[in-house]
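> with the input below, show me the fold.
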Amino acid sequence: MKRMFLSAFALVACFMGLQAQTQVIAHRGFWKTEGSAQNSITALEKAADEKLYGSEFDVQVTSDGKLIVNHDSKFQGFVIAETPYKQLKKIRLANGEKLPNLKKYLKKGKKQDIQLILEIKSHKSKEVENQVVADVVKMVKKMNLEKQVEYIAFSLNVCEQLVKHTPNSEIAYLNGDIAPAELKKKGINGIDYNQNVLFKHPEWVKEAHELGMKVNVWTVNKIENMQKFIDMKVDYITTDQPLETKELLR
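Numbering: from 1, shown residues only. I've put the predicted structure just below:
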């Protein structure tokens, strides 16, 4: 009986150790591979094929209120916020795909075994941001993706709105200018800071963990820096080099 108890304890300890291991998030999907492109559906699928924890992507809004997946506020000469979707949907990405809208992207993501790390970009006013947050969360809930979607944003207002609309979701702040304890008070349960911020404030990793918050770091592409953050026990590393990070974790 004692031996069985010890074996069960060892299994639990092993499981907890595996759970605590740093995990990999593909920055804008796994795009540094043949046939892929940043923020493309192919990049999402390729990240899932590599069994990564998550695939990060960016959400913008068009002049007519349509949600699309793209990083920059401008794309191929068009200012996204000033352009209707009917014009933008004709644009092709570097791999030949059409510029995806959020609904299509999430629909494809729902079929993949991967977390969807959804960044809501900052917009020109709080009113626009508030509407974008409401529309994004409504879509996620309607598609029953609340457990698969995690949110990140540079805008503190966006994070606060996410707490209001979907308080049980994973929500992380990106800007790097606020200590974890202050974010925790606002109901924000994660930090997702640039690597230089965490090199300057390594104590924030421990502080966040003591508060029950998750720690992500971006965008880490050098092997030596990946190892430093693994040693710091961050929860996630966001990278353009997911295979190298994955190999290092082995």
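> now do the contacts for residue 107.
For residue 107, the contact set (CB atoms under 8 Å, 6 or more residues apart in numbering) comprises residue 143. For the C-beta atoms, the positions are set from N, CA and C on the backbone; glycine is no exception.
> next structured bit after the strand or helix carrying it?
Taking DSSP states H and E as the criterion, residue 107 maps to helix 102-110. Moving toward the C-terminus from helix 102-110, the next helix or strand (DSSP H and E) is strand 115-120.
> what is that following strand packed up against?
strand 54-61, helix 126-142, strand 149-153 (3 or more CB pairs under 8 Å, 6 or more residues apart in numbering; DSSP states H and E).
> as TSV, these with mean pLDDT would be great.
Below are the helices and strands packed on strand 115-120 laid out as TSV (pLDDT from 0 to 100):
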stretch	mean pLDDT
strand 54-61	98
helix 126-142	98
strand 149-153	99
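> dump those to TSV, plus distance to residue 80 and mean neighbour count.
Shown next, in TSV, are those (distance: least, CB to CB, whole Å; neighbours: other CB atoms under 10 Å):
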stretch	distance to residue 80	mean neighbour count
strand 54-61	5	24
helix 126-142	12	17
strand 149-153	17	26
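> for residue 242, which of these is the nearest?
Ranking the helices and strands packed on strand 115-120 by proximity to residue 242 (CB to CB) places strand 54-61 first, at 9.1 Å.
> strands paired with the closest one, and their directions?
Strand 54-61 sits in its sheet next to strand 23-26 (parallel), strand 67-69 (antiparallel), strand 115-120 (parallel), going by DSSP bridges.
> residues contacting the longest one, please?
Same thing as strand 115-120. Contacts of strand 115-120 (CB under 8 Å, 6+ apart): 25, 44, 53-59, 106, 109, 129, 132-133, 136, 140, 145, 148-153, 155, 158, 162, 174, 238.
> what's the answer for the first one, then?
Under the criterion CB under 8 Å, 6+ apart, residues 43, 47, 50, 52-56, 115, 117, 216, 235-240, 242, 245-246, 249 lie in contact with strand 23-26.
> return the set of buried residues in the helix or strand just after it.
Next helix or strand after strand 23-26 toward the C-terminus (DSSP H and E): helix 41-49. Neighbour-count burial for helix 41-49 flags 41, 42, 43, 44, 45, 46, 47, 48 (criterion: 16 or more other CB atoms under 10 Å).
> ok so, going back, PyMOL command for the buried members of the contacts of strand 23-26?
PyMOL command restricting the contacts of strand 23-26 to the buried ones, with burial defined by 16+ other CB under 10 Å:
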select buried, resi 43+47+50+52+53+54+55+56+115+117+216+235+236+237+238+239+240+242+245+246
